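S.K.: just a sequence and a predicted model for now, questions to come.
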Amino acid sequence: MKARKGISAYIAVLFLVGLAVAGGVILYTGLLGSLGSLSTYELPGTISVDAASIGNTTTCFAYIRNLGDESVVINSAYIDGEDATSVSAVTINPDTVQKVRIDGAFVSGTKYGFKVITTDNTQVVFSVKADF
Amino acid sequence: MFRNRSGVSEIQASLIILVIVSSAGAILYSTSLEVLNSYEERMNYEKEAETERILERVCLASVYWNGIDDNLTITVYNYCEFDIKVVEIYINSNKVDTYQYGKESPILSGELREISFLCPENILSDSAYSIIIVTERGVPSEFLWYS
């Protein structure tokens, strides 16, 4: 009969302990990392438009209010889905309102859809009828 | 020759593994519960704020102009279930900068409140003006007024 030699029960248990510890450490750091990044992930703020008007063929002024807890910085604007010529990079503190200038090409009597986006991806959509 | 080997038994090893796994599970559970609770709180707050924004109802009960200067006195009626505060007024999309009284005073549910201010543009007779009232929840309500 062939004698079968293998690892002893003692070594097997040690292996299992080692595996369990290593697995636990990997799982713990991995999951804690993901959960930690979730908790520190910055949620977008809340902004709204008080009033907006298009005063001439190139300029729209919008009064944008920050309803969130953190300051926001206006980053970009779109007019009917197209990039606005320019937008003023205004910082809006919580519970305050700021006048934001959005440049584009406007025709009197036409309604335009605007989307304003801040650096933290907070967005607001509004429409204004050009009337000058 | 039989070698005397001393070490943990299989039962002890199993117990150690059980303890390690249970502790890791408990730590993970408490951490994830904490994170999820903070998310739930934030979501509930956002939901409540959005609900109040949607349910907010105000109307312009009257507008008084003396026909001489550019001072206006408006009366705002709050007919929603909760209190509101008027934080900003715009006339023809121009922000009002000078208030005499009434701005940011709480208007209780079912109450009227007078707000007096200097109109940012000259008021002419027989003209239409857009009056936008903005509350602290950021809800704008637009009304037309004929002088």
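M.R.: Cool, the structure landed.
S.K.: and the pLDDT for residue A:7?
M.R.: Per-residue pLDDT puts residue A:7 at 71.
S.K.: which SS state does it fall under?
M.R.: Put simply, residue A:7 is coil when judged by DSSP: H, G, I helix; E, B strand; the rest coil.
S.K.: so who does it touch?
M.R.: Residues in contact with residue A:7 (Cβ atoms under 8 Å, 6 or more residues apart in numbering or on different chains) are residue A:15. Just so you know, the C-beta spots here come from the backbone N, C-alpha and C atoms, and that holds for glycine as well.
S.K.: any idea how far residue A:20 is from it?
M.R.: According to Cβ to Cβ, to the nearest Å, residue A:7 stands 17 Å off from residue A:20.
S.K.: with residue B:65 instead?
M.R.: Where residue A:20 is concerned, residue B:65 sits at a distance of 81 Å (Cβ to Cβ).
S.K.: low-confidence stretches in chain A?
M.R.: Along chain A, segments meeting pLDDT under 70 span A:1-6, A:32-44.
S.K.: need the residues of chain A near chain B, please.
M.R.: Within chain A, the positions adjacent to chain B are A:8-10, A:13-14, A:16-17, A:20-21, A:24, A:27-28, A:31-32, A:35, A:38-39, A:43, A:46, A:48-53, A:61, A:63, A:65, A:67, A:95, A:97, A:99 by Cβ under 8 Å from any Cβ of the partner chain.
S.K.: narrow those residues to those in strands?
M.R.: A:48, A:49, A:50, A:51, A:52, A:53, A:61, A:63, A:65, A:97, A:99 (DSSP state E).
S.K.: and the helix or strand hosting residue A:74, what does it pack against?
M.R.: Taking DSSP states H and E as the criterion, residue A:74 maps to strand A:72-79. Using 3 or more Cβ pairs under 8 Å, 6 or more residues apart in numbering or on different chains; DSSP states H and E, the elements in contact with strand A:72-79 are strand A:59-66, strand A:86-87, strand A:91-92, strand A:97-103, strand A:111-118.
S.K.: what's it in contact with?
M.R.: Residues contacting strand A:72-79 (Cβ under 8 Å, 6+ apart): A:45, A:47, A:60, A:64, A:66, A:83-84, A:87-92, A:100, A:102, A:104, A:112-120, A:122.
S.K.: and for stretch A:99-114?
M.R.: For stretch A:99-114, the external contacting residues (Cβ under 8 Å, 6+ apart) are A:52, A:54, A:56-64, A:74, A:77-81, A:84-88, A:90, A:116, A:125-132, B:95.
S.K.: of the residues you listed, buried ones?
M.R.: The neighbour-count test (16 or more other Cβ atoms under 10 Å in any protein chain shown) marks A:52, A:54, A:59-64, A:74, A:77-79, A:84, A:87, A:116, A:126, A:128, A:130, B:95 as buried among those.
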